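Peer 1: sequence-free structure coming up:
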């Protein structure tokens, strides 16, 4: 492998690494989109189908999905200034899938054992916010 090949390969890797926060940001924007759609569906399409407890789970899932999608998008905006935002963004994305996803599934199926997954999503949220606080605290820009 020549020096130019190695440099080109390294450049491609760096380019992918630089784009990762934006790819995760696109996924978070889709989660925000889904939050609005799911919230509207819950408010207009599920009120006659689900019991009040299940509607509460649906509402909580929609709220937390939006809060943490927006939090992740703030991190994307800060990614040019903060070191290593990938882990924060991953924890927001996974937290949304676990927390909101388990609540949506519980609301639709009534299978409450899925509630055991919800705190794992909450833990991902806490880790993401803690990492963000730490990175901001130590930021030197």
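Peer 2: Good, I have the coordinates. Everything numeric in this text was worked out from a predicted model, so none of it was measured.

Peer 1: When you work out contacts or count neighbours from here on, use the C-alpha atoms and nothing else.
Peer 2: Noted.

Peer 1: Just name the shakiest helix or strand of the protein by mean pLDDT.
Peer 2: Lowest by mean pLDDT, DSSP states H and E among the helices and strands of the chain is helix 3-45, with a mean of 78.

Peer 1: Taking the centroid of the chain, which residue is nearest it?
Peer 2: The residue lying closest to the centre of the chain (CA atoms, centre = their mean) is residue 93, at 2.5 Å.

Peer 1: who touches that residue in this structure?
Peer 2: 24, 27, 28, 69, 72 (CA atoms under 8 Å, 6 or more residues apart in numbering).

Peer 1: One more: residue 87?
Peer 2: Residue 87 neighbours (CA under 8 Å, 6+ apart): residue 128.

Peer 1: check which helix or strand covers it.
Peer 2: If you go by DSSP states H and E, residue 87 is part of helix 86-109.

Peer 1: If we go by neighbour counts, what in that helix is buried?
Peer 2: Neighbour-count burial for helix 86-109 flags 86, 88-108 (criterion: 16 or more other CA atoms under 10 Å).

Peer 1: can you check stretch 131-141 too?
Peer 2: Of the residues in stretch 131-141, 131, 132, 135 count as buried by neighbour count, 16+ other CA under 10 Å.

Peer 1: what comes into contact with that stretch?
Peer 2: 75, 81, 82, 83, 88.

Peer 1: And the furthest pair within those?
Peer 2: Across these, the longest distance by CA to CA is 13.9 Å; it joins 81 and 88.

Peer 1: which one of the contacts of residue 93 is nearest residue 55?
Peer 2: Using CA to CA, the contacts of residue 93 come closest to residue 55 at residue 69, 20.9 Å.

Peer 1: Can you get me a residue count around that closest one?
Peer 2: 27 (other CA atoms under 10 Å).
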